[in-house]
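[1] What shape does this take:
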Amino acid sequence: MVNCLTLQVSRDEFVPFDNEFSCLRWILQNRANLNLTLPGAKIRAVPLDRWLLGLD
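    Sure thing, here's the model as predicted:
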């Protein structure tokens, strides 16, 4: 998970998106900065419920 303000990894400080489309749009809009702050990370949208359960 990524903090939308700092673009740093955070398990506690993140705001869930309303839907997958809004998440994907945010990723595309912030792709360059995400690549700078998280080099080598695989940035992708995941369902929050599955991620919290460790299924995704």
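[2] Okay, and the residue nearest to Asp56 when sequence neighbours are not counted sits in which element?
    Taking CB to CB, 6 or more residues apart in numbering, and ignoring the residues beside it in sequence, Asp56 has Arg50 as its nearest neighbour in space, at 4.0 Å. Just so you know, the C-beta spots here come from the backbone N, C-alpha and C atoms, and that holds for glycine as well. Here Arg50 sits within helix 48-52, counting by DSSP states H and E.
[3] where's Pro47 relative to Leu38, distance?
    20 Å (CB to CB, to the nearest Å).
[4] Let me know the secondary structure of Asn35.
    Assigned with DSSP: H, G, I helix; E, B strand; the rest coil, Asn35 falls in the helix class.
[5] Use 15 as the first number for this chain going forward.
    New numbering, starting at 15: the last item is Asn49.
[6] what residues are up against Arg37?
    Actually, residue 37 is Cys. It isn't Arg. Residues near Cys37 by CB atoms under 8 Å, 6 or more residues apart in numbering: 31, 59.
[7] Repeat that for Asn49.
    Here Asn49 is in contact with Ile57 (CB under 8 Å, 6+ apart).
[8] Next: Leu21.
    By CB under 8 Å, 6+ apart, the contact list for Leu21 reads 44, 47-48, 51-52.
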